[in-house]
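In: When you get a sec, could you give me coordinates for this:
(chains A and B)
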Amino acid sequence: MNTMSITITGITKDFGKTKVLKNINLTVKEGELLALLGPSGSGKTTLLRMIAGLEHASKGDIFFDGNNMTNVNAKDRNVGFVFQHYALFSHMKVKDNIAYGLRVKKKKDRPTKSQIDSKVNELLELVKLEGLGERYPSQLSGGQKQRVALARSLAIEPSVLLLDEPFGALDAQVRKELRRWLRTLHKQTGVTTVFVTHDQEEALDVADQVIVLNDGEIIQEGTPSDIYDSPNSPFMYRFLGNANELKGTATKEGISIGGVTLASGEPLADGENVVSYVRPHEISLAHTSGNDHRLEVEITKTHPVGPIVFIEARRLDRAQEHIEIELSKGTFDNLSIKVGDIMYAHVERFRTFQANEYMI
Amino acid sequence: MKRTLPGFPLSFGFMMFYMSFIVFIPLIALVWYTMGSGWEAFWNAITDPRLFAALRLSFSASFIAAIINGVFGLLIAWVLVRYDFFGKRIMDGMIDLPFALPTAVAGIALTSLYAENGWIGSLLAPLGIQVAFTPIGVTIALTFIGLPFVVRMVEPVLRSLDQETEEAAGLLGASPFTIFNTVLLPLLTPAILAGMTLAFARALGEYGSVVFIAGNIPMQTEIVPLLIMNKLEQFDYAGATAIATVMLALSFLLLLGANILQWWLSRKLGQKVVDSSR
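Out: Okay, here's the model as predicted:
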């Protein structure tokens, strides 16, 4: 399979006055599995549809392996596309759905009937739907339908594979299975793949590379661990999952938060309003204040879920503000924490941003 | 057996009661009167060559009108659903005019347009085409009154189609023409056929709009409903009911056939279209 890289330069899209995409530049390497992650309205689906040729950019260019595809028709781009709601041909059997892309080829490029049949069987096997070729789409479950859609898009041996929220319409269990299966499939086929999702867990779990979009702009790009371990902005912290927000002021010693000062290596001007982000599992609790700086908190709720205990605590320096802490069951039991206990929270890892950045 | 959907006996009873009063009893009465007048009268009425000519015209003109409405009704529904243009709502409302207009009004309007001295008729006359008082005129009148059926049947189906399905076909390399043939048409065919069947049935029974433009020349431009009216005007009730009974039987057979075809095609056609593109 000759798979291709995708390069996007200066893509801008406006619908009237609203700018959906603002000067997007990105590269998807050959054979890479890339996730476009973002909240709804971030422009990620528009970008994907542009790569497919279903939408047209107001400005900018799209290249497959260095060939400018910007003005090439969708039908001539040779992309595989999987829609969130499957978009199967309901009046055709599963095998005819899969064969469609081969049958509509021009006569001189069209494989023979027996070649098509063997390709269809090969794909049915690949997507683990052997024996279901004679069914109609309405006789399949959601997960099966999506696998048919995937097989159909792979039949034309696409240069790139694009998936628009492919698991969005499925329930949690099927979703997890298909996620893992997509990874394996990608390893087997090696086709350059871009998939759009709003689910950060899905993006971090499946992709080699993640690009986070918000309001038509790329906020951060990197490997899943880059993205999770070092979010580059308050938006990223809030989008990637629950992080505690601690408002404070920058001082010469560090960040002053409600009477405690946290040492910070970040260059912030003295007296500036700042906000620090701390993940719940990056906070530890102790019954004594110890010698380092700790926030005094009152435990208001404990909620064990399997091996992890979720704890809510009220900050005593700012009575209205709560923080969330995650401890392992073992640590929780050792400390014998009870609701109402006054404890001391130690922030082990945090990241600080200027407050005006946060205000935007 | 316990039914999950309640109310079957009551609603079924009501349906039968209603259908009996509105449809079955009048039809049975029709057949009853026909039989009452004796076999010979019946035989004489239905072997009249004028009736054969009228039946041929009624069925063929209605059939052609239904085909024309199938093609153009689909086109109109397509434009109304898929494009936005100025005056779309007004256009959409005008589709139903042939329903609302008293058919005689339509007949008079069409006749004056297509008569040799009418706007369109005067343009066609030099070409040697005569519309008014010919079977062509009958077909035009029947096309006019049948237009709304196909449009109104196809519109909601077309609107409910997921455009992503067409996008998917396009991304797999299908040309717009292939997409229409393999994806859209199979899904629309049941609605088109249903609309055409209704238009056909309506055309068979149509009287008002046709009699003016047809000219009613015996053996040439007489339609079956006109023959019935003629018999009634001569107080030949037995003859009128005999023709009506023949018409009823033929219509029923044709409509039944159309429904079976529709049912069969809606299952088969998708598959056939795929096969033919091989």
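
In: Could you name the helices and strands sitting against the strand or helix carrying A:Arg238?
Out: Assessed by DSSP states H and E, A:Arg238 sits inside helix A:234-239. Helix A:234-239 sits against strand A:209-214, strand A:217-222, strand A:273-278, with contacts defined as 3 or more C-beta pairs under 8 Å, 6 or more residues apart in numbering or on different chains; DSSP states H and E. The C-beta positions use only the backbone N, C-alpha and C, and glycine is treated the same way.

In: ok, and for it, which residues are buried?
Out: The neighbour-count check on helix A:234-239 (16 or more other C-beta atoms under 10 Å in any protein chain shown) flags A:234-237, A:239 as buried.

In: so the following helix or strand past it versus strand A:273-278, what angle?
Out: Downstream of helix A:234-239, the first helix or strand assigned by DSSP H and E is strand A:244-250. Inter-element angle recorded for strand A:244-250 and strand A:273-278: 140 degrees (by axes from the mean of the first three to the mean of the last three C-alpha atoms, to 10 degrees).

In: Could you list the residues in contact with strand A:244-250?
Out: Here strand A:244-250 makes contact (C-beta atoms under 8 Å, 6 or more residues apart in numbering or on different chains) with A:237, A:255-258, A:264, A:268-280, A:283, A:323-324, A:347, A:350, A:352, A:355, A:358.

In: would B:Ala132 count as being in a helix?
Out: No - looking at B:Ala132 with DSSP: H, G, I helix; E, B strand; the rest coil, it is coil, so not inside a helix.

In: Could you report the separation of it from chain A?
Out: Distance of B:Ala132 to chain A, given as C-beta to the nearest C-beta, to the nearest Å: 44 Å.

In: coming back round to it: pLDDT on the helix holding A:Arg238, on average?
Out: Mean pLDDT, computed over helix A:234-239, is 88.

In: and that helix, C-alpha only, in CSV?
Out: Extracted in CSV, the C-alpha atoms of helix A:234-239 (Å, rounded to 0.1, in the frame of the first residue of the first chain):
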residue,chain,number,x,y,z
PRO,A,234,-4.5,27.0,31.1
PHE,A,235,-6.8,25.9,28.3
MET,A,236,-4.9,22.6,28.0
TYR,A,237,-5.2,22.0,31.7
ARG,A,238,-8.9,22.6,31.7
PHE,A,239,-9.5,20.6,28.5
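
In: count of neighbours near residue 29?
Out: All of this is about chain A. Other residues lying near A:Lys29 total 13 when counted by other C-beta atoms under 10 Å in any protein chain shown.

In: my bad, the chain I had in mind was chain B
Out: 11.

In: A:Asp171 now?
Out: 11.

In: So out of everything in chain A, what residue is nearest chain B?
Out: Ranked by C-beta to the nearest C-beta, the top residue of chain A for proximity to chain B is A:His91, at 3.0 Å.

In: Assign that residue to helix, strand or coil.
Out: Under three-state DSSP, A:His91 comes out as coil.

In: what's the pLDDT at it?
Out: So A:His91 comes in at 88 (pLDDT).

In: do A:Ile360 as well
Out: A:Ile360 carries a pLDDT value of 41.

In: A:Thr7: which of the buried residues of helix A:234-239 is nearest?
Out: A:Met236 (24.6 Å; C-beta to C-beta).

In: next structured bit after the helix or strand encompassing B:Met15?
Out: For B:Met15, the host element (DSSP H and E) is helix B:8-19. From helix B:8-19 onward toward the C-terminus, using DSSP H and E, the following helix or strand is helix B:25-36.
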